[in-house]
Structures are given as C-alpha cells and as structure tokens.
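# Generate a structure from the sequence data that follows.
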Amino acid sequence: MAYCRKCGSLIDDRAAVCPTCGTAQNGNPPVEDNGGIGWGVLGCCIPIVGLVLFLVWKDTKPKTAKAAGIGALVAVGLYVLYYLVIILAGLSFALMCAG
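Residues are numbered from 1 along each chain as shown. All right, here's what the predicted structure looks like:
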C-alpha cells in the first residue's frame, strides 16, 4: 500500500488516481514555475547563464525561463549602452583635443 502525494490517504500501489482527492499518482511531481525575480537578477549579472537557463527551461518552466531571458537581455542592452557612451565620450574628447 502507498499514500497519496496530496492528501496522504492510503491507496493501492498501482492506483493512477487517488480515490479520495482525485490527484494523479503516477509520473513526476509537478514542477514549480513561479518566475522568481532572482533568476532575472542572475541572468542580468551573468548574461550567458540567463541565456542557458532560458534555453533549458523554455519548455518546462516558461515563466522562470522568461525571467532569466529578460535579465540576460537587460544586461546585454546595458553593455551596449555603456560601450556607446564610452565611444561617444572618446570621440568628443578627441574632437576637443584636435580643435
């Protein structure tokens, strides 16, 4: 005899569904997909990790994958903006020194 994963009722080992609460018993437990902001922060701090997590979780944890992917995109956008500012500052400094 086994116990139900949800309500804890005693059920048959081969039962596919708990007769008490109706919860499916076979297969993997459900995956928690809350799309936490922590994954977005990780993706922003380390964009390659955010990209990898997005690719790995896009089918099984879509909300969490989206958070990690958005974090990676934000980081890449900030890097591009940073380099544009540095290039423009360098060009304006060069023009001021030349003139």
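# Strands of this structure, residue ranges please.
2-3, 10-11 (DSSP state E).
# highest average neighbour count across those?
Burial of the strands of the chain is given as mean neighbour count (mean count of other Cβ atoms under 10 Å); strand 10-11 ranks first at a mean of 16. Where C-beta positions appear, they are placed from N, C-alpha and C, glycine not excepted.
# now the chain, which segments are flagged as low pLDDT?
The model of the chain has pLDDT under 70 over residues 27-31.
# In JSON lines: the strands of the chain, plus distance to Asp59.
Shown next, in JSON lines, are those (distance: least, Cβ to Cβ, whole Å):
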{"stretch": "strand 2-3", "distance to Asp59": "30"}
{"stretch": "strand 10-11", "distance to Asp59": "31"}
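# And for Cys18, nearest residue in space, chain neighbours not counted?
Distances taken as Cβ to Cβ, 6 or more residues apart in numbering put Cys4 closest to Cys18, at 4.1 Å, once the chain neighbours are dropped.
# What is the neighbour count of that neighbour?
Counted by other Cβ atoms under 10 Å, the residues lying close to Cys4 total 18.
# Tell me who's in contact with it.
If you count contacts by Cβ atoms under 8 Å, 6 or more residues apart in numbering, Cys4 has them with Ile11, Cys18, Thr20, Cys21, Thr23, Gln25.
# what's the answer for Thr23, then?
Going by Cβ under 8 Å, 6+ apart, Thr23 touches Cys4, Arg5, Lys6, Cys7, Val17.
# can you tell me which of those residues lies nearest to Gly43?
Arg5 (31.9 Å; Cβ to Cβ).
# mind checking how far the closest one is from Ala16?
To Ala16, Arg5 is 12 Å away according to Cβ to Cβ, to the nearest Å.
# Common neighbours of those two, please.
Common neighbours of Arg5 and Ala16 (Cβ under 8 Å, 6+ apart) are Gln25.
# hang on, the earlier thing: show me how to select, in PyMOL, the buried members of the contacts of Thr23.
Here is the PyMOL command that selects the buried residues among those (16 or more other Cβ atoms under 10 Å):
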select buried, resi 4
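# so how many other residues sit close to Thr20?
Other residues lying near Thr20 total 13 when counted by other Cβ under 10 Å.
# Chain neighbours aside, what residue packs nearest to it?
Distance criterion Cβ to Cβ, 6+ apart; nearest residue to Thr20, sequence neighbours excluded, is Ser9 at 4.1 Å.
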